[in-house]
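Colleague: with the input below, show me the fold.
(2 chains)
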Protein chains: 2
Amino acid sequence: MYAIDELREMIRVELERKEYAGEPRSLYEPIIYMLEDGGKRLRPLLALLAYNLYRDDVEKALKPAIGIEIFHNYTLLHDDVMDDASLRRGRQTVHKKWNSNVAILSGDAAAVTAYKYIEYCDDKYLRRGIDGFNQVALDVCRGQQYDMEFETRDNVSEEEYLTMIYLKTSVLIAGSLRHGALIAGAPEEEYAALYKMGGYLGQAFQLQDDYLDAYGNVNDFGKNIGGDILINKKSYLLVKALELARGETLEELRGWLAARDFDPARKIEAVTAIYNRLGVDVLARQKINEYIEKGNEILEEIRVKEEFKETFREVIRELVGRKK
Amino acid sequence: MYAIDELREMIRVELERKEYAGEPRSLYEPIIYMLEDGGKRLRPLLALLAYNLYRDDVEKALKPAIGIEIFHNYTLLHDDVMDDASLRRGRQTVHKKWNSNVAILSGDAAAVTAYKYIEYCDDKYLRRGIDGFNQVALDVCRGQQYDMEFETRDNVSEEEYLTMIYLKTSVLIAGSLRHGALIAGAPEEEYAALYKMGGYLGQAFQLQDDYLDAYGNVNDFGKNIGGDILINKKSYLLVKALELARGETLEELRGWLAARDFDPARKIEAVTAIYNRLGVDVLARQKINEYIEKGNEILEEIRVKEEFKETFREVIRELVGRKK
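Modeller: Next comes the predicted model:
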């Protein structure tokens, strides 16, 4: 089995080739810009790992794996426009560096490019591959829609929140595993199990992201700390805080959410203090561990060599032990 | 062979079923809104006609045909955001009725939905079908990119302009014919010929649209007359006018293009007068007829029954004899 670093290197080299970039170059520059900044390459890595569980010729899964990474970056391109985010992985977002139209259209081109790459597989897997990808892509849109709707609601439940992040984030991680296993010819019950496992991992991963927004380190995190707090983003921390806060604490929290003029540093400090008081940081860590446990349980049931499972566990540790 | 009205009715009924609309409904409402307003249904009609050249069971081609219509409406959704257009087929555009985020995200969901519908075909046609659709979808993005870049350029040549509209508009019309013929099992040389014919038809169709912006009737056209003129849209008329104008006429035209404060009606009147003086309306009509001729020539060469060709000619007449 390939080591994680070897797979990451293969992904880097394939992305470096920029085979996807056609004419006019201006249409593809923002896609190149998005893809060249690194990132964890988590999704293509998972696709290759899942493929490698069943087959050795992982180079045959490289293009579909890259396709998933391109798809992921397309969703980020459009999300950043919709959220009017200015920073992504420590760099200017595309719609800030260029403009919204560039981000919309390059995103559209990236989506099609993703389909082009994903269909690199044996004909016998093509229909299920495209079907699965369509389902994932629509779920991501559904998740983003719920996410946007939650922003204007004050009563988002934990369950609703978890469903939203499942659709917006986890299905793509799950789909990466499923696609890799599918095109390697895995038995259906196993690629379905990997999909389920990916769902739990994705949940842990997104909750970690929410957690790090308040409790991370800016240099590692690549985003400004407290960014979610400043824009009243309905993160897991805020959803739980709104659920648990009573009396003066609730009043104080609502005060910060309603505040129009405020010192950013003070708001971050104050809201984080409320989170600490309510213990939502601890609850988030507990929830993360819960999902990791569930993911691990499925991993134990899959009938592949122990050596393979260890590589998977390494990715999981990297993923959710991460400081960024 | 089915009559055009019968095919249109089948398309209407299938769209009416709104099978594509899932949860949350808010994600799909703008897609329903876009699709319910009628329009000519030109692309699905062409797909069904091309299918019907080779097979009688056109109901089997209905979902892919609808997929093309959904794809078309997705591009309109995003284009309207990028162009900040306020009116589409006489109704408010989605980003005006809702907002830009809704238009971006619903457009993204519509694009995936299009893929879902397009893949309704026998497995043996799936790869070529998806490949062809990917190529068309990327070409549409490329065309839109050129279109946006032309807006800030003063020296767009006729050739560049014709390439741009070919990519932005004609390839999808061409692709509709090709896809219909492909999934009906047409010989490759014939679905390639239909693609070529569709390209010419698309060119005629788009030039007609440019022409009608200045010379049409608002009630039939569904858009405000002179809309292109008001925003200095690089239409065929303006591209040719900038190429042909000299001396005082060029100065007057440039003056209107540079004007910041103006009475809309006066600008439309003045620029149209310049078009008349330069004869670009006549040139546009000539070019339209040229493309229709080329399209008809290909139609003559395709080896299908004369009865089928007559139905096609009817569509062409409707298309380019149209006042709207």
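Colleague: C-alpha from now on. contacts and neighbour counts both.
Modeller: Fine.
Colleague: the lowest-mean-pLDDT helix or strand in chain A: what's the following helix or strand?
Modeller: Using mean pLDDT, DSSP states H and E, the weakest-scoring helix or strand in chain A turns out to be helix A:218-221, at a mean of 66. Under the assignment DSSP states H and E, the closest C-terminal helix or strand after helix A:218-221 is helix A:227-230.
Colleague: quick check: residue A:247 vs residue A:122, distance?
Modeller: Residue A:247 is 61 Å from residue A:122, where distance means Cα to Cα, to the nearest Å.
Colleague: those two: who's more crowded?
Modeller: Neighbours were counted for residue A:247 and for residue A:122 using other Cα atoms under 10 Å in any protein chain shown; residue A:122 has more, 12 against 7.
Colleague: so what's the residue sitting nearest the centre point of chain A up against?
Modeller: When Cα atoms, centre = their mean is applied to chain A, the residue found nearest the centroid is residue A:169 (4.6 Å). Contacts for residue A:169 (Cα atoms under 8 Å, 6 or more residues apart in numbering or on different chains) come out as A:140, A:143, A:202-203, A:206.
Colleague: low-confidence regions, the stretch 151-300 of chain A specifically.
Modeller: A:218-223 (pLDDT under 70).
Colleague: can you map out the strands along it?
Modeller: With DSSP state E, counting those that start in this stretch as the definition, the stretch 151-300 of chain A shows no strands.
Colleague: could you pull out the helices in the stretch 201-324 of chain A for me?
Modeller: For the stretch 201-324 of chain A, applying DSSP state H, counting those that start in this stretch gives helices covering A:218-221, A:227-230, A:236-244, A:247-258, A:264-278, A:280-301, A:306-320.
Colleague: so which bits of stretch A:88-105 are buried?
Modeller: Buried residues in stretch A:88-105, counted by 16 or more other Cα atoms under 10 Å in any protein chain shown: A:88-89, A:93-96, A:100-105.
Colleague: is any residue of that stretch near chain B?
Modeller: Yes: Stretch A:88-105 reaches chain B (Cα under 8 Å from any Cα of the partner chain) through A:100-101, A:104-105.
Colleague: output that stretch as PDB, nothing but the C-alphas.
Modeller: This file holds the C-alpha atoms of stretch A:88-105, laid out as PDB (Å, rounded to 0.1, in the frame of the first residue of the first chain):
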ATOM      1  CA  ARG A  88      -9.300  31.400   2.200                       C
ATOM      2  CA  ARG A  89      -6.300  29.300   3.400                       C
ATOM      3  CA  GLY A  90      -4.500  32.600   4.300                       C
ATOM      4  CA  ARG A  91      -4.900  34.100   0.800                       C
ATOM      5  CA  GLN A  92      -7.300  36.500  -0.900                       C
ATOM      6  CA  THR A  93     -10.500  34.800  -2.100                       C
ATOM      7  CA  VAL A  94     -11.100  34.800  -5.900                       C
ATOM      8  CA  HIS A  95     -13.900  37.200  -5.900                       C
ATOM      9  CA  LYS A  96     -11.800  39.700  -3.900                       C
ATOM     10  CA  LYS A  97      -8.700  39.200  -6.000                       C
ATOM     11  CA  TRP A  98     -10.700  39.400  -9.200                       C
ATOM     12  CA  ASN A  99     -14.400  40.000  -8.900                       C
ATOM     13  CA  SER A 100     -17.700  38.100  -8.300                       C
ATOM     14  CA  ASN A 101     -18.400  37.400 -12.000                       C
ATOM     15  CA  VAL A 102     -14.900  35.800 -12.400                       C
ATOM     16  CA  ALA A 103     -15.600  33.700  -9.300                       C
ATOM     17  CA  ILE A 104     -19.100  32.600 -10.600                       C
ATOM     18  CA  LEU A 105     -18.000  31.800 -14.100                       C
END
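Colleague: quick one on the thing from earlier: which one of the buried residues of stretch A:88-105 sits closest to chain B?
Modeller: Set against chain B, the nearest of those by Cα to the nearest Cα is residue A:101 (5.3 Å).
Colleague: okay, and that closest one sits in which element?
Modeller: helix A:100-118.
Colleague: how about residues contacting that helix?
Modeller: By Cα under 8 Å, 6+ apart, the surrounding residues in contact with helix A:100-118 are A:20, A:27-28, A:30-31, A:63-71, A:73-75, A:77-78, A:81, A:94-95, A:129-130, B:78, B:81-82, B:104, B:108, B:131, B:134, B:137-138, B:141, B:144-145.
Colleague: and it, how far out from the chain's middle?
Modeller: A distance of 18 Å separates the centroid of the chain from that of helix A:100-118, by Cα atoms, centre = their mean, to the nearest Å.
Colleague: tilt between that helix and helix B:100-118?
Modeller: With axes from the mean of the first three to the mean of the last three Cα atoms, to 10 degrees defining the directions, helix A:100-118 sits at 20 degrees from helix B:100-118.
Colleague: and the next helix or strand past helix A:100-118?
Modeller: Next element after helix A:100-118 (DSSP H and E): helix A:123-150.
Colleague: report the buried residues of that following helix.
Modeller: A:125-127, A:129-130, A:132-148, A:150.
Colleague: and chain B, which of those contact it?
Modeller: Restricting the buried residues of helix A:123-150 to those near chain B by Cα under 8 Å from any Cα leaves A:126-127, A:134, A:137-138, A:141-142, A:144-146.
Colleague: picking that back up, among the helices of the stretch 201-324 of chain A, which is the most enclosed?
Modeller: helix A:236-244 (a mean of 21; mean count of other Cα atoms under 10 Å in any protein chain shown).
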